[in-house]
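> Just need the structure, nothing else, for what follows:
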Amino acid sequence: MAVETLGGLTPGQYVGGAGLIAAYGQAQAQAAAGIQQQTGYLLQARNTLAVAEVNSQYSQQYATIQAGRTLKKAEIEALNYKVAGNLLLKNMRASNASIRARAAASGVVVGEGSFQGVQNENVQNTMFDVGVTDLNALVARVMGFEDATAMIQSTQTQNTINLFSAKQQAGQYDQAGSASRKTGGLMATQTMIKGGFDAYKIISNEKLAKT
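Numbering: from 1, shown residues only. Modelled structure (predicted):
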C-alpha cells in the first residue's frame, strides 16, 4: 500500500517534524522565561544594594551634621560657664574694692581686722564658684565630644549592618536568578527530549504500519 507524501515527507514524518518544531519553540520560550526571570532578580539585587548605599550616605551625612550641632551646642554651653566665671571674678573685685574703700573711709588698715577677713572669705567663696564653673565648662565640652562621637559611631555601625543585610539579600536574589535560569534550561532540555521522543514514536509507528 502506497503512502501519500507531503513535499517528499510521509504523513508521519510531517507530523513528527511539526511536533519537534513545536517542542523546539516551547523549549526556547522556557529558556527565555528563565533568563527573563533571572534578569528580574538581578535588577532587584542591584536596586537593593543601591538603595542601601544611598541610605547609608544620607544617614552618615545627617549624623555628621547632628554631631557638629552637638559640638557647637557644647561649646556654647562651655562658653556660657566661662562667662559666668568671669562675671563672678568681676563681682568679687568690685566687692573687695568696695570693702577697701569703706575701710579707708573709716580709717581702718585695709590688710588687717575684720575687713581683711571679709575680703579673704569673699575671695575664697568666689574662687570655689569659679572652679565649679570651669569644671562645668570642661564637662560640657567632654560630654559634647562624647555624644558627637557616639552619634557618628552608632550611625557607622548601623550602616555597616544595613549594608551587610542588603548584600545578603542581593546574594539571595542572585542565587534565585541563577536557579531560575537553570530551571528554565532544564525544562527546555526536557521539552526537546520529549519532542524528539514523540517524533520518533510517530515515525516508528508509521513504519510499522507499512509493513
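> pLDDT (mean, whole number) over the longest helix belonging to the chain?
Taking DSSP state H as the criterion, the chain has its longest helix at helix 113-210. Averaging pLDDT along helix 113-210 gives 86.
> What is it packed up against?
helix 11-105 (3 or more CB pairs under 8 Å, 6 or more residues apart in numbering; DSSP states H and E). Where you see a C-beta, it was placed from the backbone N, CA and C, and this is true even at glycine.
> which secondary structure elements does the helix it packs on contact?
helix 113-210.
> and the angle for the helix it packs on with helix 11-105?
Put simply, helix 113-210 runs at 180 degrees to helix 11-105, going by axes from the mean of the first three to the mean of the last three CA atoms, to 10 degrees.
> I'd like the numbering to begin with 494 instead of 1 from here.
Sure, I'll start numbering at 494, so the last one becomes helix 606-703.
> For helix 606-703, what is the distance to the chain centroid?
From the chain centre to the centre of helix 606-703 is a distance of 5 Å (CA atoms, centre = their mean, to the nearest Å).
> next one: stretch 527-541
The answer for stretch 527-541 is 21 Å, by CA atoms, centre = their mean.
> buried ones in that stretch?
The neighbour-count check on stretch 527-541 (16 or more other CB atoms under 10 Å) flags 527, 530-531, 534-535, 537-538, 541 as buried.
> what mean pLDDT would you report for it?
Averaged across stretch 527-541, pLDDT comes to 91.
> Repeat that for stretch 582-599.
Here the average pLDDT along stretch 582-599 is 80.
> For it, list every residue counted as buried.
So for stretch 582-599, counting by 16+ other CB under 10 Å, buried means 585, 589, 592-593, 596.
> would a markdown table of those residues with distance to Val625 be doable?
Below are the buried residues of stretch 582-599 laid out as a markdown table (distance: CB to CB, whole Å):
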| residue | distance to Val625 |
| --- | --- |
| Met585 | 14 |
| Asn589 | 20 |
| Ile592 | 23 |
| Arg593 | 26 |
| Ala596 | 29 |
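> which residues sit in contact with the closest residue to Thr676 other than its chain neighbours?
The shortest distance from Thr676 to any non-neighbouring residue, by CB to CB, 6 or more residues apart in numbering, is to Gly527 (5.9 Å). For Gly527, the contact set (CB atoms under 8 Å, 6 or more residues apart in numbering) comprises 673-678, 680-681.
> 6 Å - rerun?
Going by CB atoms under 6 Å, 6 or more residues apart in numbering, Gly527 touches 673-674, 676-677.
> Just the closest of those to Leu513, please.
If you rank the contacts of Gly527 by distance to Leu513 using CB to CB, Gly677 comes first, at 19.7 Å.
> Next one: the closest one relative to Ala669, how far apart?
13 Å (CB to CB, to the nearest Å).
> Appreciated, that's everything.
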